[in-house]
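Asker: Turn this into a structure:
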Amino acid sequence: MRALVSIACLVALAAAPAAAQDLVLEGTLPAGPERFAFVPFEVPAGTREIVFTHGQVLDENIVDFGLNGPDPEGLSPSVFRGWSGSNGDVTQITAGAATPGYLPGPLDGAWELVLGAAKVDVDPAPYRIELTFRDEAAVEACAADAACVTLPPDPDRGPYLPPAPLRDVPGWYAGDLHVHSIHSGDATPTLDALADAAASIGLDWIEVSEHNTTSHLTVLSAVQARHRDVLLLPGIEWTTYGGHGNAIGLRRFVDHKVGSRGVTLEASVAEIRESGAVFAPVHPLIGIGDLCIGCDWDTSVDRSLIDALEVINGDIDGTGRARLEVNLQLWDEWCDEGRHVVAIGGSDSHRGLERLPTASPLGEPTTLVQADALSVDGLLAGLRAGRTVVKLGGPDDAMVELEVEAPAMRSGDTVVAEEATFVVRVSEGGGEAVPDALSLVVDGVERRRDEVGALPYETRITLLAPATGETRLRAEVWSGPLRRTLTSHLWLRRPEAGSAGGGGCAASAAGAGALVGLLCLALGRKRRTPPAPWHGPGDER
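Answerer: Residues are numbered from 1 along each chain as shown. Now for the predicted structure:
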């Protein structure tokens, strides 16, 4: 896409006083298959602060804004320096501080204004950006003027370093896998406020998943040092015009500008996963059009790139309920293909604990991850192993655990045996929603529903492995007409021919704390056969 830049930008720079050199970038951004444009500009030598004013020119259009500039680490001539999305605001950048969403660092030299055509109803789409370059004298003058704002150095900025485990013991750890702070531009809480809020409702961790920026990563270590009771898991909501994905654990920028400069969705998602992050489409079928540009996930994308799925986005009593059923259907469709897609939930909170008609509070829903420690690596390992439980209404919903009885062999979420007995335990969560039914779902179909009386409640189900492929089981807890809690799947497949039930490998521990069993077999993910026979408690074999 070619952006047309007005000659006004050149005249303004030449005529500006030395103390505050102004630059106006304006032109049109025509709609077309390439959704991004890049407008170069120079930051004069001696600049100490950039003031970047941006907003929508026409209400009918939505234009996104960002900046590329000199590399703060000095490794590349031009790199990502920040993203505002469509938020109109004033952004400031210095060598040691920046408006949330942007990175501090070197200022002099070549920059690019990045423009994204999120929505173009009036074509060509006009844009207008104002830039002010403050030298030392202008910064000092601004600091002395109560009506002027200049950024002081930010002592929190620095490289991200994963913290030591907050708790070095195995367990189920409760958190929220989709949370936004002021670094997203469209959210209001600070990171400190989010950590305090998470602790106040009993969460062990939250994932800070900002829109297309890494600016939060530069302050996350400092904030974590002030909050040792809640783990701050790094992440990015990787927001494209073809869907939004949660890059859980991502610690560096991965380009979201699909369709520009050779960037493809598949290659970028592969890069996210190769970095060690877990990738999950979020609000995949939200279906609200221009209210959320690009929010619906492109379901044609290669499913081998998908590790998890946000089966619920928002609280079950409000925004989350509307799409839960279709999300679960999509999850089962992907699992029917043999993909071990892990269930997660996220509040998508932009206002902390505040509940609004269109905004869910932090912790609703809550995702529990079974991990060997409350640490970044521990949570990511638990997610990859498929050991999650989603409390759809929040941390006080009932807990349900799905395990396999020994001596069945298990690695992560996969059991290898001719048949296996699964144990399901329901325990109280302390909330107002009282569990009254337990549903056992085999290959996407409810096979048994138990009435749940006094808690804790425990039951068993025995499944035969199919002749080829795999069968899968999950447990769901209901309160009246609503699901309140669900597990990810445990998968069952037969041993390979000639393996003698494991070929000498020791059986894994299969109790509530077991995460990874010893397994010598290659666990292929083949397309499953029709649902396997099942046996309820007390059935004789």
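
Asker: Flag the shaky bits of the stretch 401-541 of the chain, pLDDT-wise.
Answerer: Under the criterion pLDDT under 70, the flagged ranges of the stretch 401-541 of the chain are 498-541.

Asker: Which residue ranges of the stretch 401-541 of the chain form strands?
Answerer: Per DSSP state E, counting those that start in this stretch, the stretch 401-541 of the chain carries strands over the ranges 409-411, 414-416, 419-427, 437-442, 445-451, 457-464, 471-479, 482-487, 490-493, 534-535.

Asker: Residue 335 is nearest to which of those strands?
Answerer: Nearest to residue 335, of all the strands of the stretch 401-541 of the chain, is strand 471-479, at 6.2 Å by CB to CB. Just so you know, the C-beta spots here come from the backbone N, C-alpha and C atoms, and that holds for glycine as well.

Asker: What strands line up against the closest one, and which way round?
Answerer: Sheet pairing for strand 471-479, assigned by DSSP bridges, gives strand 437-442 (antiparallel), strand 482-487 (antiparallel), strand 490-493 (antiparallel).

Asker: chain center to it: distance?
Answerer: Centroid displacement of strand 471-479 relative to its chain, using CA atoms, centre = their mean, to the nearest Å, is 24 Å.

Asker: Go through that strand and flag the buried ones.
Answerer: In terms of neighbour count (16 or more other CB atoms under 10 Å), strand 471-479 has its buried residues at 471, 472, 473, 474, 475, 476, 477, 478, 479.

Asker: So which of these is the closest to residue 161?
Answerer: residue 474 (36.5 Å).

Asker: Just name the most buried of the strands of the stretch 401-541 of the chain.
Answerer: Greatest average neighbour count among these goes to strand 414-416 (a mean of 26), per mean count of other CB atoms under 10 Å.

Asker: name the helices or strands packed onto it?
Answerer: strand 409-411, strand 490-493 (3 or more CB pairs under 8 Å, 6 or more residues apart in numbering; DSSP states H and E).

Asker: ok, 10 Å please
Answerer: strand 409-411, strand 471-479, strand 490-493 (3 or more CB pairs under 10 Å, 6 or more residues apart in numbering; DSSP states H and E).

Asker: As a markdown table, those strands with distance to residue 195 would be great.
Answerer: As requested, the helices and strands packed on strand 414-416 are arranged in a markdown table below (distance: least, CB to CB, whole Å):
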| stretch | distance to residue 195 |
| --- | --- |
| strand 409-411 | 35 |
| strand 471-479 | 29 |
| strand 490-493 | 33 |
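
Asker: Nearest approach to residue 178 belongs to which of those?
Answerer: For residue 178, the closest of these is strand 471-479, at 20.9 Å, according to CB to CB.

Asker: tilt between the closest one and strand 457-464?
Answerer: Counting by axes from the mean of the first three to the mean of the last three CA atoms, to 10 degrees, strand 471-479 lies at 160 degrees to strand 457-464.

Asker: C-alpha coordinates for strand 471-479, PDB please?
Answerer: C-alpha atoms of strand 471-479 as PDB (Å, rounded to 0.1, in the frame of the first residue of the first chain):
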ATOM      1  CA  THR A 471     -10.400 -41.400  22.100                       C
ATOM      2  CA  ARG A 472     -10.700 -38.500  24.500                       C
ATOM      3  CA  LEU A 473     -12.500 -37.700  27.800                       C
ATOM      4  CA  ARG A 474     -13.300 -34.500  29.600                       C
ATOM      5  CA  ALA A 475     -15.400 -33.700  32.600                       C
ATOM      6  CA  GLU A 476     -17.800 -30.800  33.100                       C
ATOM      7  CA  VAL A 477     -19.500 -29.600  36.200                       C
ATOM      8  CA  TRP A 478     -22.900 -28.000  35.900                       C
ATOM      9  CA  SER A 479     -24.900 -25.800  38.200                       C
END
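
Asker: quick one, what contacts the nearest residue to residue 381 once chain neighbours are set aside?
Answerer: Computed as CB to CB, 6 or more residues apart in numbering, the closest residue to residue 381 that is not its neighbour in sequence is residue 371, at 6.5 Å. Listed by CB atoms under 10 Å, 6 or more residues apart in numbering, the contact set of residue 371 reads 165, 167, 169-173, 204-205, 377-383, 385, 387, 515.

Asker: buried residues in the longest helix along the chain?
Answerer: Using DSSP state H to define each element, the chain has its longest helix at helix 321-336. Neighbour-count burial for helix 321-336, counted by 16+ other CB under 10 Å, picks out 321, 323, 324, 327, 328, 330, 331, 332, 334, 335.

Asker: now the closest residue in space to the fourth one that isn't next to it in sequence, what's its secondary structure?
Answerer: Okay, so that is residue 327. In space, residue 327 comes closest to residue 311 once its chain neighbours are excluded; the distance is 4.7 Å by CB to CB, 6+ apart. When classified by DSSP: H, G, I helix; E, B strand; the rest coil, residue 311 comes out as strand.

Asker: Report the separation between residue 311 and residue 300.
Answerer: Distance check for residue 311 against residue 300: by CB to CB, to the nearest Å, it reads 20 Å.

Asker: Same list (the buried residues of helix 321-336) but as TSV, adding distance to residue 494 and pLDDT.
Answerer: Shown next, in TSV, are the buried residues of helix 321-336 (distance: CB to CB, whole Å; pLDDT from 0 to 100):
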residue	distance to residue 494	pLDDT
321	39	83
323	36	87
324	33	92
327	31	93
328	27	96
330	28	94
331	24	96
332	22	97
334	23	94
335	18	97
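
Asker: quick revisit: to what extent is the residue nearest to residue 327 buried, counted in neighbours?
Answerer: Using other CB atoms under 10 Å, the number of residues around residue 311 comes to 27.

Asker: for the protein, which spans come out with low pLDDT?
Answerer: The model of the chain has pLDDT under 70 over residues 1-20, 30-32, 286-292, 294, 299, 498-541.

Asker: mind giving me the domain split of it?
Answerer: 4-143, 156-395, 398-514 (automatic domain parsing).

Asker: okay, these, which one's buried deepest?
Answerer: domain 156-395 (a mean of 21).

Asker: And that one, end to end?
Answerer: Domain 156-395 has an end-to-end distance of 31 Å (criterion: CA to CA, to the nearest Å).

Asker: rewinding a little: specify which member of the buried residues of strand 471-479 is nearest to residue 103.
Answerer: Checking these against residue 103 with CB to CB, the nearest one is residue 474 at 41.6 Å.

Asker: just checking, the closest one touches residue 439?
Answerer: Yes - applying CB atoms under 10 Å as the test, residue 474 and residue 439 come out as touching, 8.8 Å apart.

Asker: shared neighbours of the two, which are they?
Answerer: residue 486.

Asker: and the gap between residue 435 and residue 347?
Answerer: Residue 435 sits 21 Å away from residue 347, going by CB to CB.

Asker: Now the closest residue to residue 52 other than its chain neighbours: which helix or strand?
Answerer: Spatial nearest neighbour of residue 52, excluding adjacent residues (CB to CB, 6+ apart): residue 91 at 4.2 Å. In this structure, residue 91 is located in strand 89-93 according to DSSP states H and E.

Asker: swap in residue 209?
Answerer: strand 205-211.

Asker: any idea how far that strand is from the chain center?
Answerer: Per CA atoms, centre = their mean, the centroid offset for strand 205-211 relative to its chain is 7 Å.

Asker: tell me the angle the following helix or strand past it makes with strand 205-211.
Answerer: Following strand 205-211 in sequence order, the next helix or strand is helix 217-226 (DSSP H and E). Interaxial angle, helix 217-226 versus strand 205-211 (the same axes, to 10 degrees): 160 degrees.
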